[in-house]
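In: show me how the following folds:
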Amino acid sequence: MEKEETVRGCEHMTFTAKVDVTRLFDTLPMQFRADIKIQCAECKEDFEFGGIPIGYDPHIPTTSADKFTLRIPIKPNTYTREVRPSARERNRHGLAS
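Out: Next comes the predicted model:
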């Protein structure tokens, strides 16, 4: 069986990943987001993230409109229930429960 090639003729055998971490300052407690992009290291073609909603939600993974950036909420391992704001604080700041 021959190797499958894309329209560009690249087999996409090696990849690069770029991860940017963003601190979201207007949230309690402080929230973080990882933005991930994956590209073929040989032909530089961007990879799309499928099956994930487009947009931004601080509580679930989403993608950019072009589907090339995966946005994932992350948190430090040290975050515990004690640092989570009360329901009153969340409502005051317009945050989800």
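
In: beta partners of the spatially most central residue of the chain?
Out: Nearest residue to the geometric centre of the chain (CA atoms, centre = their mean): residue 71, 1.9 Å. Counting by DSSP bridges, residue 71 forms beta bridges with residue 35, residue 62.

In: swap in residue 20?
Out: residue 35.

In: any idea how far it lies from residue 43?
Out: According to CB to CB, to the nearest Å, residue 20 stands 23 Å off from residue 43. (C-beta placed from N, C-alpha, C; glycine too.)

In: how about residue 65?
Out: Residue 65 sits at a distance of 23 Å from residue 43 (criterion: CB to CB).

In: so how many other residues sit close to the residue nearest to residue 14 when sequence neighbours are not counted?
Out: Distance criterion CB to CB, 6 or more residues apart in numbering; nearest residue to residue 14, sequence neighbours excluded, is residue 41 at 4.1 Å. Residues near residue 41, counting by other CB atoms under 10 Å, number 14.

In: next: residue 15.
Out: Neighbours of residue 15 under the rule other CB under 10 Å: 11.

In: likewise for residue 19?
Out: Using other CB under 10 Å, residue 19 has 12 neighbouring residues.
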